[in-house]
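A.B. asks: With the sequence up front, the predicted model follows.
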Amino acid sequence: MAKTKKRLTKKERLINRIREIIKQDGAFSMADVEAQSSPVHKTIGKNTSALVERCRLNDVDIQIYVHETATEEDEVEYKDLDIDTLEEILILAEDWSAISYKTMKRASN
């Protein structure tokens, strides 16, 4: 009896794609991709939010902001992020891949 391959969830597919890009092009920060804003991990009350500031292979760095002041940092695994946040990270990861490609192309000329 042939073993059927388990179909990946949308979340798993997003995480896999983000990780593929980071394996190829390295970790990146929101500054590296000149993001208009950082992806929101979660909002904590009226004036406090947790934003994704750096993406690595297995997790992201979260910066907690109270009003507009950074107060603490944390690390969160991709599996603990919601799909909207992962989709936003994937768009930024694809931007990072394009930036990396252009940089390598320039360096080789």
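C.D. replies: Done, it's in. Please read all numbers here as calculations on a predicted model, not as lab measurements.

A.B. asks: Any stretches of this protein with poor pLDDT?
C.D. replies: Within the chain, the stretches with pLDDT under 70 are 1-4, 109.

A.B. asks: And the strands in it, which stretches?
C.D. replies: Along the chain, the segments classed as strands by DSSP state E run 28-29, 40-43, 48-55, 59-66, 69-77.

A.B. asks: right, and the ones you listed - which one's nearest residue 18?
C.D. replies: strand 48-55 (7.0 Å; CB to CB). In short, each C-beta sits where N, CA and C put it, glycine included.

A.B. asks: List the buried residues for that closest one?
C.D. replies: Residues of strand 48-55 classed as buried: 49, 50, 51, 52, 53, 54, 55 (neighbour count, 16 or more other CB atoms under 10 Å).

A.B. asks: Against which helices or strands is that strand packed?
C.D. replies: Contacts defined by 3 or more CB pairs under 8 Å, 6 or more residues apart in numbering; DSSP states H and E place strand 48-55 against strand 28-29, strand 40-43, strand 59-66, helix 83-108.
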